[in-house]
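**Student:** Can you look at this prediction? I've put the sequence above it.
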Amino acid sequence: MSVNLEISGISYRYADQNAPAVERLSLSLEAGQLTSLLGPSGCGKSTVLKMIAGLLKPGEGDIRMDGQSVLALPPEKRRTVLMFQEALLFPYMTVAENIGFGLKMQGMPRSERETRVAEMMSLVQLDDLGARKPAALSGGQQQRAALARALVAAPRLLLLDEPFSNLDATLRIEMRSLLQELQQKTEITTLFVTHDQEEAVTLSDTIALMLRGHLIQEGPPDAFYMRPESREVARFFGSLNFIGGRVEAGHFLSALGRFRLPEVYPDGNGELTFRPENVCLQDMPGDPNSFTARLLSKEFMGSQTRLHLVAADCEFHAFTSPETARDLTEGAAIPIFLPPRTLRVLS
Amino acid sequence: MTARLPIPLRLFLALLICWLMAPLIPLAVWSGSRSWYFPDILPSAYSGRAWSYVFSSVSGVPEGLWQSAFIALSATLLSLLIGLPAGRALGLYKFKGKALFELLILAPLIVPGIAAALGLHMVFLKLGLTGTMAGVVIVHLIPALPYMTLVMASVFAGYNPAAEQQARSLGAGSFQVFRYVTLPAILPGLLTGALFTFLVSWSQYILTLLIGGGRIVTLPLLLFNFASAGRNDITGAISMIYILPGAVLLLIAGRYLTGRNSAADSLRQI
Amino acid sequence: MTERLKILLLLAPALLVIGGLFGGGLLLGLIESFGYMPLLGQTELNLEAYRAIFASQSFWSGLGLSLYISTVSTVIAGGLAIAAALVLRRAFKGRGIIRFLFQINLTVPHLVGAAGILYLFSQSGLFARLAHALGLIGGPSDFPALVFDPLAIGIILQYVWKEVPFIALILLANMQAIGRDYESVARCLGAGPVQVFRHVLLPLILPALFAGSMIIFAFTFGAYEIPALLGETYPAPLPVLAYRAFTDVDLARRPEALAMAMIIAGLATLILAGYAKLFYQRGGING
Amino acid sequence: MKLMPVSLKAAQKGLFLILTLFILSLFIPRAFANGMTYKSWDEVVTAAKGGTVNWFMWGGADNINQYVSGWVGAELKNRYGITLKRIGINDTAEAVNIVLGEKKAGIDDAGSVDLIWINGGNFRTMKQAGLLYCGYLELLPNNRLVNWRDASIANDFGLPVEGCEVPWNRAQFAFAYDSARTPNPPRSIRELIDWVKAHPGEFTYPAASDFNGSVFIRHVFYYAAGGPEKLLGPFDQATYDAVAPKAWKILNDMKPYLWRKGQTYPNAIAALAQLFANKEVALYFDYDPAIFGVNVENGTFPATTRSYGLGDGTIGNTNYVAIPYNSPNKAAAMVTANFLMSFDAQYEKAKPKIWGTTPAIDVAKLTEAEQKSFHELPRNPAVVAPEVLAKHVLPELHPDWIRAIEKGWQENVAQ
């Protein structure tokens, strides 16, 4: 059932816009995997989904499923189901009719359809609600019904366009695990569009990060934390600290000092980045990665406190526990240690 | 994607537009023709006679134009004064019996005015309202007011009265609130409503005929008389005059009607 | 001041006008149709007028003609309007102008359209002349009778002409409010363009289509001037018969006129009831 | 009402004020008492000064409208200070109906109609229902110009006028044809019947509901009866039963040869004029032969249009104006009626460019100079000379007869 999807160099431009919404984007999805297409709103994610579904025709490039181009196929022949932010259940049909819609379009006989719909409804825990109209359902139930409608027709590819962003936090988490469970069970290759990095990280096998119409980085979720490929990626994943300098013989030279690096980088100018939560308030005498900073301000954030620090005119942030932070006064000198394995140099 | 339509669709649209414009063509040609016999595609002789007749006072057209305009403007103004508060109540509040009231407002759009007008005739006669402008204006309210009220109701349904309270708290008096807060917010809808109300009254034939008793002569009555008397040239000239205000108003109001506040949008409420 | 009172005050003038003028007019008409005309010194209620019209051939043929004209006009206008709205919702060059022409048509009074239709479609009208020029017909009498004709084609053409833009613009606004996502979902679920129209778009716009069509049906059912100008003398639709009876020099025929008016109003009320049932189930007119 | 803007409240008050004023203003003109009788013409003219006359008349002919609104209106204003308001209607019965309704509603002195162009059935209805103001004819100076000894003036469709209306115009039915297309039109009903069969699709007549259509049908009825004599006087069922089947047979036999095979008839004389103008039919007819000339003048009919009366005669009648009993402007209406009978008004009306119709007054009673003016009036070649027509004039029937014939046609021919 699962297929792999290969997108090569597709572009799309809306008539009323100057810049292309998507430009020469290439991406491949492995069969049976759940991939998140992550990016801020307006970066062109939905446009990519619509092109895959066949609702928009790319200006250039190709889209292949299992090696075969689908560009010539109309949406209804692609068997790629798109799920939107809104459930978009047809308001004049019952829930069961909605779920069975795809099967009906395929011309499946009524009795068989009903069995399949009933199965799917229990899978998404909507067992008794089949006769209701969508308006009588809660938001979460509506999205479950929409998910059921998408899955019942056994699509080759499931495309989800921020389907849970209208739900409240608890429901969203519930829906995520339901989606994960169903996806693993059915092994349908899935492309999940979201602007929420946390959602992408928890759900996906692979994340593809998209910014301004371009694919920036692709890889497993932890890579985006550990090995961001650019300042933009690092920033998008919450790495706020960037220190200018250059690499020389496996060390990073900057105004703060000469830092040990976890791996070998070619010599040259670059930017050192590290995540605020990886900054240790610890004195490591003699270690090149330690130095002293002055506290500019602190901000209580609930479970942790953010410190705004400065050393040798370089400002950076660090997270620490509220308990630790309580004893720190503004202007105080604080020892800092940057563990080498948490450092990354961007060229 | 702004693109060219496929040829069959372009053909369909072209035909449709031709069809929508077609009836106006012979009217325009007739208005300037002197003799136009079968099977001539174009008149064999032209003349401005119909136009000079139409503009002369004996034809009654200038008077009919003025009376039509007066009646339609009065009916629009009255509808506005009555329909604005009612639209506000319907758009902003939920209350018991609202559905029933909405239905009542809607009723004159569905139930033909001729039925009510025949019933009112005797009372209007007794009150001396038949054959008067006042009587005709009042009877025009039957079809006109519902349009205005429904448009205003839809305008107020999308209106946030909190802005008025905000203005009040900033020291605006109730007139100032209306002038600087309410009016600017509802103006596009109000103009749409006024345009359509005007046109509803402007197009009335049978209500004017019944209550006007022949003494109130509006353009449609003149048009009907000349059309049924076979005076095609005069009919054409009156038609041209008759469609002018609507087209001009639409052009003027057009800039207020663009986008979400298009005429169609308010029609959707009906 | 309580909110209830405030609402009542806001509604009062409209209530007075609609209830008093419209409701009162209908009520007076109903009473008068029973022969009760206190101003004319007749105070006995009777069903004479109804008996008289039910016994008359011209009433039944008028009723049939009215129903026929309204049904055919509404169905054709509705069908064309759907097609027009489907084309107009697409983005294409020149859409603004075409939409403007549509709106212009809304502002053209019915009677102007009727006169135009007359000069286009009569046996010596513009189309007959074109047919002659093309050698299709030898003389006016070879051209099919499209006005003053037994099938009321001229009347129907006029209504279709006037109402297609009306319904199309309602549908267009409705389609814009609905958006294209439902259709996209259906396409992805395997519905072809025709199936999408049949199973998704049509059901979604049906309430708007129905509302627009009902207004058209009721309007055409109660309109006087178009059949009076473009129709045959006999049979004549109900509003024409009612007006004739009302202005007959025999005042005794007035109750008959009112009775016919009440039948027109009664049918329209049935339509209104259908409208109410449709919309209040969905929670209000603006829903 | 905290949220309700002040201006709206004020506007509502204003609205009620406006409505009240509207309604009040309606009663002001009614304050003038009326129904007084006048002893002399001077008294009438004095009372008429500043008055307004609402003249209800058929409004489908722009030349007549122009004559009335333009010339007559201006003269009345100049000579008597009277404002003439011409109120165009489609059917005289509408005006009768208004007066009737007012009477029943008890509006006896503030009616909306001051003068009606009337004759025939409508006159009968009004006279019999007591809707007319009568007995003022002797006061009108121009009444002396009318030849009341002429039965066709003293009787309106068989009903004695008895001082209840004032003659202002005469009409006689005539046929028109295009001499370029139809050199030999049928000159009698007998010839017409054969001509129709020889020229299928080229003839039709308006339905009986149309005034002129009804007159044409009466001509056939006269022919079937062997002349109008037996039909004069009150309606007689036996005579009707004897004649009607013959008439219906003639018309039904004609049917397949009519325009559109007689499946439908034009519903108004204007429609027949259109058919004739567009060469769909070869013959046109009208109760007002002046219309032929008017239509040639205004380009509706070809210049080669000619007209004629039938060898066995055509029906003629007199048109009158009448004052409803509840007219609030009787004096002004009387002055108007008197003026319509004047030489000036009749002469103006007789000019071919204006209307070209036959005077209702007796030209012989005018001064010699005036008579000369009449005789020297040019005549449009499309219009048959009234003197020629007048040689064979047939009387109109009692309205009961007309009603029976119209009904009979509807039942036996139309359906």
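**Tutor:** Perfect, thanks for sending it.

**Student:** Please count neighbours and contacts with C-alpha atoms only from this point.
**Tutor:** Will do.

**Student:** and whatever helix or strand A:Leu27 lives in, what other elements does it pack with?
**Tutor:** Applying DSSP states H and E as the criterion places A:Leu27 in strand A:22-29. Identification of packing neighbours for strand A:22-29 by 3 or more Cα pairs under 8 Å, 6 or more residues apart in numbering or on different chains; DSSP states H and E yields strand A:5-12, strand A:214-219.

**Student:** can you tell me which of these comes nearest to D:Thr300?
**Tutor:** strand A:5-12 (64.0 Å; Cα to Cα).

**Student:** for the record, mean pLDDT for that closest one?
**Tutor:** For strand A:5-12, mean pLDDT is 92.

**Student:** following the strand holding A:Leu27, which helix or strand comes up?
**Tutor:** strand A:34-38.

**Student:** and the next helix or strand after that following strand, what does it pack onto?
**Tutor:** Once the chain leaves strand A:34-38, the next helix or strand it forms, by DSSP H and E, is helix A:45-53. Using 3+ Cα pairs under 8 Å, 6+ apart, the elements in contact with helix A:45-53 are strand A:80-83, strand A:157-161.

**Student:** among those strands, which is nearest D:His375?
**Tutor:** Here strand A:80-83 is closest among the helices and strands packed on helix A:45-53 (Cα to Cα), at 94.4 Å.

**Student:** in chain C, which spans are helices?
**Tutor:** Secondary structure of chain C (DSSP state H): helices at C:3-15, C:24-33, C:48-54, C:57-88, C:95-107, C:110-121, C:126-133, C:153-178, C:181-188, C:193-196, C:202-222, C:225-230, C:238-246, C:254-280.

**Student:** Correct me if wrong: D:Phe216 contacts D:Ser209.
**Tutor:** No: if you go by Cα atoms under 8 Å, D:Phe216 and D:Ser209 don't touch, sitting 11.5 Å apart.

**Student:** who's more crowded, these two?
**Tutor:** The residue with more neighbours, out of D:Phe216 and D:Ser209, is D:Phe216; 24 against 17, by other Cα atoms under 10 Å in any protein chain shown.

**Student:** What about the more buried one? Give its phi and psi, please.
**Tutor:** For D:Phe216, the backbone dihedrals (degrees, to the nearest 10) come out as phi -60, psi -40.

**Student:** secondary structure element for the nearest residue to it once chain neighbours are set aside?
**Tutor:** Among residues not flanking D:Phe216 along the chain, D:Tyr205 sits closest, at 7.3 Å (Cα to Cα, 6 or more residues apart in numbering or on different chains). D:Tyr205 is part of no helix or strand when elements are defined by DSSP H and E.

**Student:** From C:Phe148, how far out is D:Tyr205?
**Tutor:** The spacing between D:Tyr205 and C:Phe148, counted by Cα to Cα, to the nearest Å, is 14 Å.

**Student:** Phi first, then psi, for the closest residue to chain A within the stretch 101-250 of chain B.
**Tutor:** Relative to chain A, the nearest point of the stretch 101-250 of chain B is B:Ala157 (21.0 Å; Cα to the nearest Cα). When read as degrees, to the nearest 10, the backbone of B:Ala157 gives phi -60, psi -30.

**Student:** So which of the helices of chain C is nearest chain A?
**Tutor:** Closest of the helices of chain C to chain A is helix C:181-188, at 4.8 Å (criterion: Cα to the nearest Cα).

**Student:** Give me the distance from the closest one to the chain's centre.
**Tutor:** 34 Å (Cα atoms, centre = their mean, to the nearest Å).

**Student:** cool, and stretch A:259-269?
**Tutor:** 29 Å.

**Student:** Alpha carbons of that stretch, in CSV - could you do that?
**Tutor:** Only the C-alpha atoms of stretch A:259-269 are listed here, as CSV (Å, rounded to 0.1, in the frame of the first residue of the first chain):
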residue,chain,number,x,y,z
PHE,A,259,36.4,27.2,22.3
ARG,A,260,36.9,23.5,21.9
LEU,A,261,34.6,22.1,19.2
PRO,A,262,33.1,18.6,19.1
GLU,A,263,34.0,17.9,15.6
VAL,A,264,36.3,19.2,12.9
TYR,A,265,35.3,22.2,10.9
PRO,A,266,37.2,23.7,8.1
ASP,A,267,39.1,26.8,8.9
GLY,A,268,37.5,30.1,8.2
ASN,A,269,35.0,32.7,9.5
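
**Student:** any idea which helix or strand of chain C has the worst average confidence?
**Tutor:** helix C:95-107 (a mean of 84; mean pLDDT, DSSP states H and E).

**Student:** Is that one in proximity to chain A?
**Tutor:** No: where contact is defined by Cα under 8 Å from any Cα of the partner chain, no part of helix C:95-107 touches chain A; the two come within 14.6 Å at best.

**Student:** tell me, how many neighbours does A:Ala312 end up with?
**Tutor:** 12.

**Student:** I'd like the distance between it and chain B.
**Tutor:** Distance, A:Ala312 to chain B, using Cα to the nearest Cα, to the nearest Å: 50 Å.

**Student:** Need the pLDDT of the closest residue to D:Ala244 other than its chain neighbours.
**Tutor:** With Cα to Cα, 6+ apart as the measure, D:Phe221 is the residue that lies nearest to D:Ala244, at 7.1 Å, once sequence neighbours are left out. pLDDT for D:Phe221: 95.

**Student:** what about D:Phe221, which helix or strand?
**Tutor:** Assigned by DSSP H and E, D:Phe221 falls in helix D:211-225.

**Student:** got the contact list for that helix?
**Tutor:** Residues from elsewhere that reach helix D:211-225 (Cα atoms under 8 Å, 6 or more residues apart in numbering or on different chains): D:189-190, D:205-208, D:228, D:231, D:243-244, D:246-247, D:250-251, D:268-269, D:285-287, D:314-315, D:402, D:405-406.
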